[in-house]
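S.K.: Next one to model:
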Amino acid sequence: MQRHSKEDLVTCRFRSMLAGMFVCRKYSISVIGCLALLSVVLSSPVLAADKVALAVDVSKTGAKIDRNLFGQFAEHLGHGVYEGILVGADSSIPNTRGIRNDVVAALKAIKVPNVRWPGGCFADEYHWRDGIGSQRVVRLNPNWGGVIEPNTFGTREFMDFADQIGADAYVSVNLGSGTVKEAADWLEYITAAQPTTLAKERAANGHPAPYKVAMLGLGNESWDCGGNMSPDYYVSQMKDYSRFVRNYNPAQVDKPHQMLKIAVGPGGGEARWTDWTETVMKAYAHHTWSWDIDGLSMHNYTVNWQNKFVSLGFGEAEYAKVLKDTLEMDNLINAHSAIMDKYDPDKKVALIVDEWGGWYAPLPGSNPGFLLQQNSQRDAILAALNLNIFARHADRVRGSNIAQMINVLQAMILTDKEKMVLTPTYYVYKLYLPFQDSTFVPVTFDAGTYTHGDVTLPRVDAIAAKDLNGKLWIEVTNLDPNQPVDIEAAVSGIAPKSIAGQTLTAPRVDSINSFDAPNTVAPKPASARVEGGKVALHLEPKSVTVISVE
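M.R.: Below is the predicted model of the structure:
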């Protein structure tokens, strides 16, 4: 049976009332008869929103939701770096040292904690000397479209970009086609404060002070595009990189400011991936003073590799299937966390999900190697579900990087020459700002079910947390694209007095923000109030809602 929102049915009844009046006039029905006809229309029942009880106990807190869960990823791929970030100092597009100002302002507004660069598969063919100094080495980018890579965006430009948006640098070194010495020299070039030859070279290239590198990726997908290595071979290589690739910045000598070293981890849930995690973590359990790791990466996209879904013009069937796939992230984290727990029960090694997001078919007419797709309300729901999963695993998952930041896959921002548009995913990250470095608060609720065809999903999802000032924040996602939901939240530990918040929804599951209509999907005030000592929250269909409770 076709289901409609309460608002749709009210509109339908109003139209029926007008139609009834027209019939009365056309056929000269008496006033009494017409009123009787209208009373039937007006007395017909309106389908009310279902009610879901939710409980939050502020006195029971959990792990810290690390701000690095909201990290970004910028690879030399398509128009992600060139045009998306760098337009050149001589461009008519307003910029600072060649980096476009509108993009910087938008990313500063969501307080990007870290940016992973230069890849991705690009990282394991990247040679850092190609991208420094006044004479850059021009190469091809065989992984992503076979196009020219001018190396105009190199170390200095990346560090400048990260500084402009206020983000930490997460640098991936070349463990595939590079050498330990090459990576070690790069880190000395970036971080040495003393007047070594490499530090002097950096100064001659315009930056006398050492840079900071918060995170170091020890390779990328070494099981595939990063070298097709076996787990044992990777571990033998990784140990050398961990030992000899040092951060020399005096400000990063002591904890908690030390650079974190992130080893390559799994890319799925099959045996080859669990074996990989087992091998790396077993080695970690027996590591000595000379090498160490602080994190294990994991890559998992919401994608059908055999027949990718489209990012425009899809319907409810595709919407449901994509969300079902994305919820598998929870099972994947559980499986690999269990292996990590065997060798690291104190959870010293973080699980860093540094590539994730929706991966769809390239937009028609675009270069297939540029991975250009649209970003819809479906992707806003997808992002919220993943961020909630990460938050519930915050004791182990302490970082993630959505793929990717601009113009590639599930982007925050799309650009076209001087034009820029913010995507629904961007607005989810803006709504979730209060959760950065917050403290997880357990939430109990009956998720219910939403079913379409042979796909059954939880109807609602929710998390809660206390921010750095102790304020309670609650996020609730309504997955159902047709039906509204009324949430009745009992909050123990505080007496709710006031509520404020925003919600993100759209006319359709495939609604997007375009350059011509940039505000089709944008946050608006949430429908929330305190009622009988409880929080009453009305969720529109296919919506992401974040509220504060005081």
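
S.K.: all helices of the stretch 401-550 of the chain, in order?
M.R.: Taking DSSP state H, counting those that start in this stretch, the helices of the stretch 401-550 of the chain run over residues 424-431.

S.K.: for it, which spans come out with low pLDDT?
M.R.: Along the stretch 401-550 of the chain, no part satisfies pLDDT under 70.

S.K.: how about low-confidence regions in this structure?
M.R.: The chain contains residues with pLDDT under 70 at 1-48.

S.K.: Name the residue closest to the centre of it, please.
M.R.: Centroid-nearest residue in the chain: I402, 3.9 Å away (criterion: Cα atoms, centre = their mean).

S.K.: From Q258, how far out is it?
M.R.: Distance of I402 to Q258, given as Cβ to Cβ, to the nearest Å: 25 Å. Bear in mind the C-beta positions are built from the backbone N, C-alpha and C, glycine included.

S.K.: Also A391?
M.R.: For A391, the distance to Q258 equals 25 Å [Cβ to Cβ].

S.K.: Also Y241?
M.R.: 16 Å.

S.K.: next one: P541
M.R.: According to Cβ to Cβ, P541 stands 47 Å off from Q258.

S.K.: The two: which is more packed in?
M.R.: Taking other Cβ atoms under 10 Å, P541 and Q258 do not tie; P541 has more neighbours (23 against 13).

S.K.: pull the CA atoms of stretch 264-275 into CSV?
M.R.: Taking Å, rounded to 0.1, in the frame of the first residue of the first chain, the C-alpha atoms of stretch 264-275 are listed here in CSV:
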residue,chain,number,x,y,z
VAL,A,264,47.8,-0.7,6.4
GLY,A,265,44.9,-2.8,7.5
PRO,A,266,42.0,-4.7,5.9
GLY,A,267,39.8,-3.8,3.0
GLY,A,268,36.9,-6.1,3.7
GLY,A,269,35.6,-9.0,5.8
GLU,A,270,36.7,-12.1,3.8
ALA,A,271,39.5,-14.4,4.9
ARG,A,272,42.3,-12.5,3.1
TRP,A,273,41.4,-9.5,5.2
THR,A,274,41.0,-11.2,8.5
ASP,A,275,44.3,-12.9,7.9
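
S.K.: what comes into contact with it?
M.R.: Contacts with stretch 264-275, where a contact means Cβ atoms under 8 Å, 6 or more residues apart in numbering, come from 175, 217-224, 226, 231, 234, 238, 276-277, 280, 296-300, 328, 331-332, 335-336, 339, 351-352.

S.K.: Touching, V455 and K324? I think so.
M.R.: Yes - V455 lies in contact with K324 (Cβ atoms under 8 Å); the separation is 5.2 Å.

S.K.: intersection of neighbour lists for those two?
M.R.: Common contacts of V455 and K324 (Cβ under 8 Å, 6+ apart): none found.

S.K.: and the residue nearest to M420 when sequence neighbours are not counted, how many neighbours does it have?
M.R.: Spatially, and ignoring its direct neighbours in sequence, M420 is nearest to D102 (4.8 Å; Cβ to Cβ, 6 or more residues apart in numbering). Number of residues near D102 (other Cβ under 10 Å) recorded here: 15.

S.K.: and D102, that's in a helix?
M.R.: Yes - counting by DSSP: H, G, I helix; E, B strand; the rest coil, D102 is found in a helix.

S.K.: State the number of residues packed around the residue lying closest to A490 once chain neighbours are set aside.
M.R.: Spatial nearest neighbour of A490, chain neighbours left out: A55 (4.8 Å); criterion: Cβ to Cβ, 6+ apart. Counted with other Cβ under 10 Å, residues neighbouring A55 total 15.

S.K.: what pairs with A55 across the strands?
M.R.: Going by DSSP bridges, A55 is paired in beta bridges with T444, A490.

S.K.: wait, doesn't it sit right on T444?
M.R.: Yes - the pair A55 / T444 is scored as a contact, 4.8 Å apart, by Cβ under 8 Å.

S.K.: which ones are touching D486?
M.R.: 48-52, 536-539.

S.K.: And stretch 87-107, end to end?
M.R.: End-to-end distance for stretch 87-107, by Cα to Cα, to the nearest Å: 16 Å.

S.K.: List the buried residues of that stretch.
M.R.: Neighbour counts over stretch 87-107 (16 or more other Cβ atoms under 10 Å) mark 87, 93, 95, 98-100, 103-104, 106-107 as buried.

S.K.: Quickly find the element holding the nearest residue to G206 once chain neighbours are set aside.
M.R.: Nearest residue to G206 in three dimensions, chain neighbours excluded: R156, at 6.2 Å (Cβ to Cβ, 6+ apart). Using DSSP states H and E, R156 sits in helix 155-165.

S.K.: Can you tell me what sits against the helix or strand just after that helix?
M.R.: Counting by DSSP H and E, the next helix or strand C-terminal to helix 155-165 is strand 168-173. Strand 168-173 is contacted from outside by 71, 113-120, 123, 158-159, 162, 183, 186-187, 190, 211-220, 241, 245, 262, 354, 401, using Cβ under 8 Å, 6+ apart.

S.K.: what's the answer for stretch 288-295, then?
M.R.: Residues from elsewhere that reach stretch 288-295 (Cβ under 8 Å, 6+ apart): 215, 218, 238-239, 242-243, 260-263, 280, 284, 287, 348-352, 398-399.

S.K.: Only the buried residues of that stretch, if you could.
M.R.: Under the neighbour-count criterion of 16+ other Cβ under 10 Å, stretch 288-295 has 291, 293-295 buried.

S.K.: Can you give me the buried ones in the helix holding R156?
M.R.: Of the residues in helix 155-165, 155-162, 164-165 count as buried by neighbour count, 16+ other Cβ under 10 Å.

S.K.: report the angle between the axes of it and strand 168-173?
M.R.: 150 degrees (axes from the mean of the first three to the mean of the last three Cα atoms, to 10 degrees).
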